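Colleague: quick one, fold the following:
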Amino acid sequence: MSAIAGQIIEPYASALMSVAQSKNLTEEFGNDIRSLLELLNSSAELKTFLGSPVVKPQDKKAILQRITGDEMNPALRNFLMLLVDRGRILFLEGIGQQYLALLRKLNQTVLAEVTSAHPLTEAQYDTLTAKVKAMTNARAVEISTTIEPELLGGVIIKVGSRVVDASLRGQLRRIGIKLAQ
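Modeller: Sure thing, here's the model as predicted:
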């Protein structure tokens, strides 16, 4: 994130958190933001449309109204419209991620980014959650998973700046380094 983007993202995410806390809606906003981020990540067209300077603000608002429907809290929908009015909607992804980081901090939750060769089973998910809790002393753990078949097996766990590489690819690389010495 560039310094300029940070100067835009931080205040908007903090303002959104203040609104959520004042209305006791921090979790509801978090769920809605997760859904929005998933949609943005799965649709390059939507991301391009919202970020385009040639698309009229009212068209962006119409699409956001259609996407959010009646399910989204009106305060959060109004926030999205404010982002469009101020020409900041292209920062929606960063603002959403920053809001979720603030929510995790509020809830004493850590984010574990897990990369695995295959989708995790529920038992593996539970084991990982327990290990990350023990590693970090966090009250709760939020796991974000990515599938990367090149790992061959095992997992890579990233929590903050700590990385635990328990992948088969990582083990083979370490063996290769030892053999080369």
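
Colleague: name the helices or strands packed onto the helix or strand of the chain with the lowest mean pLDDT?
Modeller: Using mean pLDDT, DSSP states H and E, helix 168-180 stands out as the lowest-scoring helix or strand of the chain, at a mean of 82. Counting contacts by 3 or more CB pairs under 8 Å, 6 or more residues apart in numbering; DSSP states H and E, helix 168-180 packs against strand 154-159. (C-beta placed from N, C-alpha, C; glycine too.)

Colleague: cutoff 10 Å now
Modeller: On a contact count with 3 or more CB pairs under 10 Å, 6 or more residues apart in numbering; DSSP states H and E, helix 168-180 meets strand 154-159, strand 162-167.

Colleague: pretty sure Glu71 sits against Ser35.
Modeller: Yes - between Glu71 and Ser35 there is a contact under CB atoms under 10 Å: 8.6 Å.

Colleague: ok, back up a step: list the buried residues in the least confident helix or strand of the chain.
Modeller: Arg169, Gly170 (16 or more other CB atoms under 10 Å).

Colleague: kindly report the same for stretch 100-112.
Modeller: In stretch 100-112, counting by 16+ other CB under 10 Å, buried: Leu100, Leu102, Leu103, Arg104, Thr109, Val110, Leu111, Ala112.

Colleague: take those and write them to CSV, including pLDDT.
Modeller: Formatted as CSV, the buried residues of stretch 100-112 follow (pLDDT from 0 to 100):
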residue, pLDDT
Leu100, 95
Leu102, 95
Leu103, 94
Arg104, 92
Thr109, 90
Val110, 91
Leu111, 90
Ala112, 91
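
Colleague: sounds good, over and out.
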